[in-house]
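Peer 1: Here's my sequence, what's the structure:
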Amino acid sequence: MSIIEKAVGKLAGADSAKEQELQELSDARTNGELLSGISDAEIQQSLDGAEGFGVDTPGGAAVDPGLVDISFADLNLEGILSPQSGRSRLDEEYRMIKRPLLVRAFDGRNLGGRPLNLIMVTSAISGEGKTYTTLNLAISIAMELDRTILMVDSDLAKPSLSRLLGISDRPGFTECLNDQSLDLGQFLLKTDVPKLSVLPAGTRNNRATELLASNSMSARLEELSSRYSDRIVLFDSPPLLATSESSVLASHMGQVAVVVEYGATPRFMIKEALQLLHNEDSVSLILNKTRDDFLAKHVGGYGYGYGKGYGYGAYGDK
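Peer 2: Alright, predicted model coming up:
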């Protein structure tokens, strides 16, 4: 099979004009016609550029470094999981955190009727490690054998995740909410972590709360939750007590994970933040930045040497 014929197969589902052009090239080759002035290498280069645009694919295979939009390896972020790290303390802590979320994610809908595979990560106030928690949780979920993960920067007014990943200038969630005719798939960015894609926040918007409360938001979330049967959609949200956007976003979510900084966030603030959520059946707490002595006291001397990092508890457990 020629490279042109392979290319036609690879582009199934891409924009129709490009697909038609490639089909004509394939037909010409099949009919024995000469393709003067067009090399296989040039066609492959064209395909590589088109493959990352307008095609929402769940992923799963190894990612070609030449096709990624975000390279975590190049970003050199401290405290971020690596798919190659194996069984470090941080890996194991996130395995414990993600498991209850994944168990619930495909059990249908919560009591409010929202899909459980829509998961929002938030906190009471800023600085508790919410964005890093979202990022590590996404990478950990991407390590699952039968799950794909889409990470969404839903802080439309102050997109810290997009800034951290160097994609603040890319269009994304805001544009999709403003115009329902847009193909959401064309805004998804590939990463060098297999099965992990990112939807940037897009252009900053001063009416973010109204956008998140709109019918367009409901339609987009239904599309995101149902497009692939194995997909988890993870949202990095603003802090609950800092803006009105986060509680509006939470009203759309199947599950909410609230990050709490150990020894720093006052209890009354945590309670106040939780009172803004109206889906108590699916709210969890993630204890962040714990000390070695805390884990030693509550977990004991179990063999992996867990310490600083994360704990997990259900909101309903009080």
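Peer 1: Leu188 against Leu150, yeah?
Peer 2: Yes. With contact defined as CB atoms under 8 Å, Leu188 counts as touching Leu150 (7.1 Å). From N, CA and C alone the C-beta is placed, and that goes for glycine too.
Peer 1: in the sheet, who's paired with Pro115?
Peer 2: Applying DSSP bridges to Pro115 gives these bridge partners: Arg109.
Peer 1: thinking again about what came up before, quickly list what's touching both of Leu188 and Leu150.
Peer 2: 197-199 (CB atoms under 8 Å, 6 or more residues apart in numbering).
Peer 1: from these, which is closest to Pro171?
Peer 2: Nearest to Pro171 among these is Leu199, at 10.0 Å by CB to CB.
Peer 1: Phi, psi for that closest one please.
Peer 2: Per-residue torsions, Leu199: phi -110, psi 110 (degrees, to the nearest 10).
Peer 1: hmm, back to that, who's more crowded, Leu188 and Leu150?
Peer 2: Of the pair Leu188 and Leu150, Leu150 is the one with more neighbours under other CB atoms under 10 Å, namely 25 against 22.
Peer 1: Using the three-state scheme, assign the more buried one.
Peer 2: Classification of Leu150 by DSSP: H, G, I helix; E, B strand; the rest coil places it in strand.
Peer 1: all strands of this structure, in order?
Peer 2: Assigned by DSSP state E, the chain shows strands spanning 118-123, 148-153, 189-190, 196-199, 231-236, 255-261, 283-290, 309-314.
Peer 1: per the record, what domains does this structure have?
Peer 2: Annotated domains of the chain cover 3-51, 65-317 [automatic domain parsing].
Peer 1: where among the ones you listed is the average confidence lowest?
Peer 2: Mean pLDDT per stretch puts domain 3-51 lowest among those, at a mean of 43.
Peer 1: Mind putting the strands of the chain into a markdown table with distance to Tyr94?
Peer 2: Shown next, in a markdown table, are those (distance: least, CB to CB, whole Å):
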| stretch | distance to Tyr94 |
| --- | --- |
| strand 118-123 | 12 |
| strand 148-153 | 12 |
| strand 189-190 | 22 |
| strand 196-199 | 14 |
| strand 231-236 | 12 |
| strand 255-261 | 12 |
| strand 283-290 | 10 |
| strand 309-314 | 7 |
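Peer 1: on that earlier part again, winner for burial among the domains of the chain?
Peer 2: Greatest average neighbour count among those goes to domain 65-317 (a mean of 18), per mean count of other CB atoms under 10 Å.
Peer 1: Specify which member of the shared contacts of Leu188 and Leu150 is nearest to Asp69.
Peer 2: Val198 (7.7 Å).
Peer 1: contacting residues around that closest one?
Peer 2: Applying CB under 8 Å, 6+ apart to Val198 gives the contacts 69-70, 150-153, 165, 167, 188-189, 191.
Peer 1: shouldn't Ser162 be in contact with Asp153?
Peer 2: Yes. Applying CB under 8 Å, one finds Ser162 in contact with Asp153, separated by 4.7 Å.
Peer 1: anything in contact with each of the two?
Peer 2: Joint contacts of Ser162 and Asp153 (CB under 8 Å, 6+ apart) are 172, 200-201.
Peer 1: Which of the strands of the chain sits closest to Gln84?
Peer 2: Closest approach to Gln84 among these (CB to CB): strand 196-199, 14.0 Å.
Peer 1: Name every strand pairing with the closest one and say which way it goes.
Peer 2: Next to strand 196-199 in the sheet, as set by DSSP bridges, lie strand 148-153 (parallel), strand 189-190 (antiparallel).
Peer 1: Put together JSON lines for these, with distance to Gly79 on each row.
Peer 2: Shown next, in JSON lines, are the strands paired with strand 196-199 (distance: least, CB to CB, whole Å):
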{"stretch": "strand 148-153", "distance to Gly79": "16"}
{"stretch": "strand 189-190", "distance to Gly79": "22"}
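Peer 1: Out of those, the one nearest Leu249 is which?
Peer 2: Here strand 148-153 is closest among those (CB to CB), at 10.0 Å.
Peer 1: angle of the closest one against strand 118-123?
Peer 2: Here strand 148-153 runs at an angle of 40 degrees relative to strand 118-123 (axes from the mean of the first three to the mean of the last three CA atoms, to 10 degrees).
Peer 1: one step back: of the shared contacts of Leu188 and Leu150, closest to Leu184?
Peer 2: Distances from Leu184 to these, taken by CB to CB, are shortest for Leu199, at 7.6 Å.
Peer 1: So what does the closest residue to Asp107 other than its chain neighbours look like in phi/psi?
Peer 2: The spatial neighbour of Asp107 that comes closest, neighbours along the chain excluded (CB to CB, 6 or more residues apart in numbering), is Leu116 at 5.8 Å. Backbone geometry at Leu116, expressed as degrees, to the nearest 10, gives phi -80, psi -10.
Peer 1: Can you verify my assumption that Leu116 contacts Val256?
Peer 2: No. Counting by CB under 8 Å, Leu116 stays clear of Val256, with 11.0 Å between them.
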